[in-house]
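Enquirer: Structure of the sequence below:
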Amino acid sequence: MTNKIMMGCISFLLCTAIYAESKGESKTFVGLEAGPGKIFNGVTTTLGDISDSDNDTVVYGFRIGAERNEWRSTLLYSYEENDDNNQDISKGMLTVDYFLIDYEHSSARFRPYIGLNAGYAFYQASNEATGSGAIDEAGPLYGAQAGLSIGFSSLDIDLLYRYSSIDISEVDHSESLILGVNYFF
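Expert: Now for the predicted structure:
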């Protein structure tokens, strides 16, 4: 099942890049991202709140994608780790962003955007994190993001907030604040 989802995401991205390239206005890119995140466990307390005790993570990611006019599609691999609680989430996802406005100022180009993300997540937690046995689960994810892209000649810098709801019994969702850099070729 995971292979089918990943192949579907890769196929969608390649088709988008090929279609955009044929229109002559497309730019393809590769990039890196990093930032702080948080894993919200799917444990409900007596008050109904989601438990989030010390689940801060560090997020690292690699991206490849295509951009055409006001649309951008990205295939992304992201890894979140929490060394204190020995929890990790690996995510493979496809993101699609829509640029709301395009504002050029001197040599920089500012473009706020909103977007959606969908993919698959793999969650691992050790005995220390759970208090019982180790956990190794996987499930689909979906969510939204919003950010600002600051463009220069062949580089873009992204500042974004990403929310992903994860369909795993031990995890409710994750949130990340990301700084990304894209190189256009």
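Enquirer: how about the strands in this structure?
Expert: Counting by DSSP state E, the chain has strands at residues 26-41, 56-68, 71-82, 87-99, 103-105, 108-125, 135-151, 155-168, 171-184.
Enquirer: Okay, now the sheet partners of the last one, with direction.
Expert: Sheet partners assigned to strand 171-184 using DSSP bridges are listed as strand 26-41 (antiparallel), strand 155-168 (antiparallel).
Enquirer: helices and strands of the chain: which one bottoms out on pLDDT?
Expert: Counting by mean pLDDT, DSSP states H and E, the chain has its least confident helix or strand at helix 127-130, which shows a mean of 55.
Enquirer: Put together TSV for the strands paired with strand 171-184, with mean pLDDT on each row.
Expert: Below are the strands paired with strand 171-184 laid out as TSV (pLDDT from 0 to 100):
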stretch	mean pLDDT
strand 26-41	92
strand 155-168	95
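Enquirer: Can you convert those strands into TSV and add a column each for distance to L177?
Expert: For every residue, glycine as well, the C-beta is placed using N, CA and C. TSV is the format used below for the strands paired with strand 171-184 (distance: least, CB to CB, whole Å):
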stretch	distance to L177
strand 26-41	5
strand 155-168	6
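Enquirer: Looking at these, spot the one closest to D136.
Expert: strand 155-168 (10.4 Å; CB to CB).
Enquirer: In PDB, please show the C-alpha coordinates belonging to that closest one.
Expert: Output of strand 155-168 as PDB, limited to C-alpha atoms (Å, rounded to 0.1, in the frame of the first residue of the first chain):
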ATOM      1  CA  LEU A 155      16.900  30.700  -4.800                       C
ATOM      2  CA  ASP A 156      13.700  30.800  -2.800                       C
ATOM      3  CA  ILE A 157      13.500  31.000   1.000                       C
ATOM      4  CA  ASP A 158      10.300  29.600   2.500                       C
ATOM      5  CA  LEU A 159       9.000  30.400   6.000                       C
ATOM      6  CA  LEU A 160       6.000  28.200   6.700                       C
ATOM      7  CA  TYR A 161       3.700  26.600   9.300                       C
ATOM      8  CA  ARG A 162       2.600  23.100   8.500                       C
ATOM      9  CA  TYR A 163      -0.200  21.100  10.200                       C
ATOM     10  CA  SER A 164      -0.600  17.400   9.400                       C
ATOM     11  CA  SER A 165      -3.400  15.100  10.900                       C
ATOM     12  CA  ILE A 166      -2.000  11.600  11.100                       C
ATOM     13  CA  ASP A 167      -4.100   8.500  11.200                       C
ATOM     14  CA  ILE A 168      -2.100   6.500  13.700                       C
END
